[in-house]
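1. Output the structure for:
(3 chains)
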Amino acid sequence: MKQVFGRPETLTSVPTHYCPGCTHGIIHRLIAEVIDELGVREKTIGISPVGCAVLAYDYFNCDFVEASHGRAPAVATGIKRTLPDSVVFCYQGDGDLASIGAAEIIHAATRGEKITVIFVNNAIYGMTGGQMAPTTLPGQKTTTSPRGRNVESAGYPIRVAELLSSLSGVAYIARVSATSPANVTKAKRAVKKAFETQINGKGFSLVEFLSTCPINWGMSPLEAMKWVDDKMSVYYPLGDYTRVPEVG
Amino acid sequence: MQEEVIFAGFGGQGVLLIGQLVTYAGMIEGANVSWMPSYGPEMRGGTANCTVVVSSREVSSPLVVEPTSLIALNKPSLDKFTPWVKPGGLIIYNSSLIESLPERTDVRVLAVPANEVANEIGDIRIANMVALGAYLATTRAVGCNTVLDAMKKVLPERRHNLIPLNRQALARGIEIASVWHSRDQGEVSGAQ
Amino acid sequence: MGEKVLMKGNEAIAEGAILADCRHFFGYPITPQNEIPEYMSRRMPEVGGVFLQAESEVAGSNMVYGAACAGARVMTTSSSPGISLMQEAISYVAGAELPCVFVNIVRGGPGLGGIQGSQADYFQATKGGGHGDYKLIVLAPASVQELMDLTVEAFDLADMYRNPVLLLGDAILGQMMEPVVIRERAKVDLPPKTWATTGAKGRPKNVITSLSLDPAKLEEHNLSLAEKYARISNEQVRYMTYMADDAETLLVAYGTSARIAQAAIDMARERGLKVGLFRPISLWPFPYDALQLTAQGSLRVLVVEMSLGQMVEDVRLATGNSKSVHFYGRTGGMTPTPREVLNEIERIVEEGI
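-> Got it, this is the predicted structure:
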């Protein structure tokens, strides 16, 4: 009998610790499928962040390094500069990438490091219990913005894809979501393109996923998916943000 | 033998270079040597200086606060380091830029019009070499020919064309010291 | 034996790293160690290596973490405020047992401090500057030759024990020039880096992490680190002595202070005072036993440091209550002169304390 669906080789059989309705699992699977399809599992090194995905190394069946909070792009730089033929990807959340690791992501991007970053933006600090993130929407309630994010005092959420797209080292950058089969298909195309960009030596690539956190958002999984489509996608429009910036 | 010398002047007068030349020459001659520069903001605008130790024994402290010799190419460095010089030591100062004599009676003092001599030869940048020549002739810490050998190592290749000019400047410095010695200090044959 | 060349201390460190087959350098400019990244930016491309100027010491030290994960011989260098920023990565590499070399060309602190030489980072270097139960191997050279030789050795020690090594210099050592003989490197048998994350080709995946959410497992890991640290303490204690055999007054100093102490000892001996020197070269592991033994015949101990007195605590641990331990130091980038040290020797000898 022909098998039409199964676990990608790049995923382990370990059940994940992610909450119901969270899209980390889908994103993991998309990355694993792409690595399988590109046939690069044996030369891939992943870097997990500090955040909900800190244990990603348990779920991926490839070499993995756990970085300190926000430093994944610097760690990835060290690895890639040592092993230029390897495939190196960072898996980072919004607090990790856009707050504490803002300097590292900007400089890895502007250097055109030949790495791929999967940026999972769910507008909240999930692992620590639902605090305000750099990407928390205006008015959004969190445990450290109990009356809703007040932009007067807390400032505005960061649009990472738009921000990084101005840098000449960025060869591919896109924002996707995993809220529907159609969006998942588009997301996978983006992930694949990002890895291909790295493999072809073109420069830095990043895919920003709008993701969910039903537990900390206080929603059902379905409501969370709808919130991504109705609210997050308005502030953070989906699409390809790659520019071919003028160099020099 | 333990020669502990401070070379001091404005940044750009080449005091670090002549210090390095003495250090390198000492090394070639088999002596124990060390070179310690001033660095950082102190060098911007103020005085630049370096301390050189040339010794027959292992160099213990590379820092020198009681030098046996001082070569001062400008007034601020002369003022700063004059009190440091060991009694019986030597002060060579650039009389082209410094009018007043150092206020010490317990040391030997040699005035070298380094800038004027350098200008006569045709390049103000070699004033440091004139002073170095006078120093070598007076102390014989290292040989003048060894300093010329050291120049080939210390100067980058593209600057080797300056060596003949530097040799001329050294010779003039040696001459000045010799005249001074034969007049004030008895017979000394400084020129080598 | 190679030719004698005149080198700046900072350059000797850089060339020492090249000699040790270090081919990856990540750094960020800070005085007084800028000659090292400058030298590396010129030299690394010549030997097919990687030089990268990082956006910060935080990033640079995490690049070191990454390169070490990938199996590289890797180094970063900085000075006190920059080393403070690297403490995060240092704790992580120690926890993940990654071989790599850090260099601290110490300047006066605290805070932004100054740029003159200091030894005020002793506690940070030897007592755990970052979080958690860990130790760095800390080496303290006292000459330009030693800066080079100990840099070469640092890489072997790092690989041998899978442990970060810190070379603790100071601005004076970094800036000074002395003759150096570039020696052929002794080949050391080192374990293969089978743990490195180089891609899981033909083997199960490798994972490098310092995370252990189960406290029992973390304790087990820390106990295995402790076992390693005990082994290093047995095998890697380094020190030297100078005129210590008949010394009634034993000076204890490392790095630049040891050079100054040696000059003071020469002056004291000329005056007929029996003074000697004990110089720790490995600050961790600290030579407690050797110091206790050396100090046995002395009447008193005088610790000389370019700080308010940090190593003096280890000296007291070594000698216990059996000796009076005195301290003389200058701080903030000031350096004790040999005459000042001599005065202190004379004072404690005269007072019979």
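
2. number of nearby residues for the residue of chain C found nearest chain A?
-> Here the residue of chain C nearest chain A is residue C:66; by CB to the nearest CB that distance is 2.4 Å. (Glycine included, C-beta is placed from N, CA and C.) The local packing of residue C:66 (other CB atoms under 10 Å in any protein chain shown) involves 34 other residues.

3. One more: the one 3 residues further on?
-> If you count neighbours by other CB under 10 Å, residue C:69 ends up with 32.

4. now swap in residue B:79 and tell me
-> A total of 15 residues lie near residue B:79 under the criterion other CB under 10 Å.

5. Same question for residue A:110.
-> As a burial measure, residue A:110 scores 16 neighbours (other CB under 10 Å).

6. Can you verify my assumption that it contacts residue A:171?
-> No. Using CB atoms under 8 Å as the test, residue A:110 is too far from residue A:171 to be in contact (11.9 Å).

7. and whichever helix or strand the residue of chain C closest to chain A is part of, what other elements does it pack with?
-> In the assignment (DSSP states H and E), residue C:66 maps to helix C:57-69. Where contact means 3 or more CB pairs under 8 Å, 6 or more residues apart in numbering or on different chains; DSSP states H and E, helix C:57-69 is packed against helix A:72-82, helix A:102-110, strand C:24-27, strand C:50-53, strand C:74-78, helix C:80-85, helix C:87-95.

8. As a markdown table, these with mean pLDDT would be great.
-> What follows is these, written out as a markdown table (pLDDT from 0 to 100):
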| stretch | mean pLDDT |
| --- | --- |
| helix A:72-82 | 98 |
| helix A:102-110 | 98 |
| strand C:24-27 | 98 |
| strand C:50-53 | 98 |
| strand C:74-78 | 98 |
| helix C:80-85 | 98 |
| helix C:87-95 | 98 |
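
9. so which of those gets nearest chain B?
-> When these are compared by CB to the nearest CB, helix C:80-85 sits nearest chain B, at 14.0 Å.

10. contacts for that closest one?
-> Residues outside helix C:80-85 that contact it (CB atoms under 8 Å, 6 or more residues apart in numbering or on different chains) are C:28, C:30, C:56-58, C:61, C:78, C:102, C:104, C:106-109, C:111-113, C:118, C:120-121, C:124, C:129.

11. what's the distance between residue C:280 and residue C:252?
-> According to CB to CB, to the nearest Å, residue C:280 stands 7 Å off from residue C:252.

12. which residues are in contact with both of the two?
-> Contacts common to residue C:280 and residue C:252, judged by CB under 8 Å, 6+ apart, are C:291, C:311.

13. would residue C:169 count as being in a strand?
-> Yes. Under DSSP: H, G, I helix; E, B strand; the rest coil, residue C:169 falls within a strand.

14. can you pull the pLDDT of it?
-> Predicted confidence (pLDDT) for residue C:169: 98.

15. Would you mark the buried spots in whichever strand or helix holds residue A:32?
-> In the assignment (DSSP H and E), residue A:32 maps to helix A:24-38. Using 16 or more other CB atoms under 10 Å in any protein chain shown as the test for burial, helix A:24-38 gives A:24-36, A:38.

16. repeat for stretch C:186-201
-> Neighbour counts over stretch C:186-201 (16+ other CB under 10 Å) mark C:193, C:195-200 as buried.

17. now do stretch C:218-237
-> By 16+ other CB under 10 Å, the buried positions in stretch C:218-237 come out as C:218, C:225, C:229, C:232-233, C:236-237.

18. quick one, helices of the chain?
-> Let's take chain A. Ranges of helices in chain A, per DSSP state H, are A:24-38, A:56-59, A:72-82, A:94, A:102-110, A:151-154, A:160-165, A:181-199, A:214-217, A:221-227, A:233-235.

19. switch to chain B, that's the one I care about
-> For chain B, applying DSSP H gives helices covering B:15-28, B:75-81, B:114-121, B:127-139, B:144-154, B:163-180.

20. ranking those by burial, who's on top?
-> helix B:127-139 (a mean of 28; mean count of other CB atoms under 10 Å in any protein chain shown).

21. so that helix versus helix B:114-121, what angle?
-> If you take axes from the mean of the first three to the mean of the last three CA atoms, to 10 degrees, helix B:127-139 sits at 110 degrees to helix B:114-121.

22. Extract the CA atoms of the helix holding residue A:32 and return them as CSV.
-> What follows is helix A:24-38 as a C-alpha-only set of coordinates in CSV (Å, rounded to 0.1, in the frame of the first residue of the first chain):
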residue,chain,number,x,y,z
HIS,A,24,4.2,26.0,16.6
GLY,A,25,3.5,22.4,15.7
ILE,A,26,2.4,23.3,12.2
ILE,A,27,5.4,25.5,11.7
HIS,A,28,7.7,22.8,12.9
ARG,A,29,6.2,20.4,10.4
LEU,A,30,6.5,22.8,7.5
ILE,A,31,10.2,23.3,8.2
ALA,A,32,10.8,19.6,8.5
GLU,A,33,8.9,18.9,5.3
VAL,A,34,11.0,21.5,3.5
ILE,A,35,14.3,20.2,4.9
ASP,A,36,13.2,16.7,3.8
GLU,A,37,12.3,17.9,0.3
LEU,A,38,15.5,19.8,-0.1
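
23. which other helices and strands contact it?
-> Under the contact criterion of 3+ CB pairs under 8 Å, 6+ apart, helix A:24-38 touches strand A:87-93, strand A:116-121, helix A:181-199.

24. deepest of these, which one?
-> When those are compared using mean count of other CB under 10 Å, strand A:87-93 is most buried, at a mean of 29.

25. Now do that strand: distance to the chain's middle.
-> On the basis of CA atoms, centre = their mean, to the nearest Å, strand A:87-93 sits 8 Å off its chain's mean C-alpha point.

26. what angle sits between it and helix A:181-199?
-> 130 degrees.

27. In CSV: the helices of chain A, plus distance to residue B:115.
-> Converted to CSV, those look like this (distance: least, CB to CB, whole Å):
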stretch, distance to residue B:115
helix A:24-38, 71
helix A:56-59, 69
helix A:72-82, 51
helix A:94, 65
helix A:102-110, 48
helix A:151-154, 64
helix A:160-165, 57
helix A:181-199, 61
helix A:214-217, 75
helix A:221-227, 79
helix A:233-235, 69
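
28. nearest to residue A:15, of those?
-> Closest of those to residue A:15 is helix A:56-59, at 8.9 Å (criterion: CB to CB).

29. got the contact list for the closest one?
-> For helix A:56-59, the surrounding residues in contact (CB under 8 Å, 6+ apart) are A:11-12, A:14, A:16, A:28, A:46, A:48, A:64-66, A:91, C:207, C:209.

30. Also stretch B:20-35?
-> B:1, B:5, B:7, B:19, B:50-59, B:62, B:132, B:135-136, B:141-143, B:146-147, B:149-151, B:153-154, C:4, C:6, C:176-179.

31. same thing but 6 Å
-> Under the criterion CB atoms under 6 Å, 6 or more residues apart in numbering or on different chains, residues B:19, B:50, B:52-55, B:58-59, B:62, B:142, B:146-147, B:150, B:153-154, C:6, C:176-179 lie in contact with stretch B:20-35.

32. And for stretch C:201-221?
-> A:42, A:57, A:61-66, C:69, C:92, C:95-96, C:195, C:197.

33. Closest one of those residues to chain B?
-> For those, the nearest to chain B is residue C:92 (32.0 Å; CB to the nearest CB).

34. quick one: that closest one and residue A:68 touch, right?
-> Yes. In this structure, residue C:92 is within contact of residue A:68 by CB atoms under 6 Å, at 5.3 Å.
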